[in-house]
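S.K.: here you go, sequence then predicted model.
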Amino acid sequence: ALGTAAAIARAEAAPLRKHMRRTRDALESALVERLPAGSTRVNGPADASRRLPNTLSIGLRDVRAAELLETLSERLAASAGAACHANA
């Protein structure tokens, strides 16, 4: 059973990564294009292929994180910081 699961995961990993990367890049493009010039900052390597395919880290100038997260909470998984910086 574990070997079968591993084979399925291996077969589906590349298409899933490609889908996540396209989705991440589409969200990034939509935000950068639709918000005022200079109001966004994409964090991480400039080469998008070096970023995690399922994660977009972006800064939004003059936006209060708590208010934005409250507005988005029903539609999007988002946080105001990295999990590794949480007070756990």
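M.R.: Sure thing, it's come through. Numbers count the residues shown, from 1 in each chain.
S.K.: wouldn't residue 38 be in contact with residue 60 here?
M.R.: No: between residue 38 and residue 60 there is no contact under Cβ atoms under 8 Å: 11.0 Å. All C-beta atoms are positioned from the backbone trio N, CA, C, and that covers glycine.
S.K.: compare these two (neighbour count), which wins?
M.R.: residue 60 (13 against 7; other Cβ atoms under 10 Å).
S.K.: surely the more buried one touches residue 43?
M.R.: No: with contact defined as Cβ under 8 Å, residue 60 does not reach residue 43; the gap is 11.2 Å.
S.K.: what about stretch 35-52, distance to the chain center?
M.R.: With Cα atoms, centre = their mean, to the nearest Å as the basis, stretch 35-52 stands 11 Å off its chain's centre.
S.K.: show the average pLDDT along it.
M.R.: Average pLDDT, stretch 35-52: 93.
S.K.: now that stretch: buried residues?
M.R.: Under the neighbour-count criterion of 16 or more other Cβ atoms under 10 Å, stretch 35-52 has 40, 51 buried.
S.K.: other residues contacting it?
M.R.: The set of residues external to stretch 35-52 that reach it, using Cβ atoms under 8 Å, 6 or more residues apart in numbering, is 21, 24-25, 28, 31-32, 56-62.
S.K.: for it, measure first residue to last.
M.R.: Chord length of stretch 35-52, first to last residue, is 23 Å (Cα to Cα, to the nearest Å).
S.K.: kindly report the same for stretch 59-74.
M.R.: Using Cα to Cα, one end of stretch 59-74 lies 20 Å from the other.
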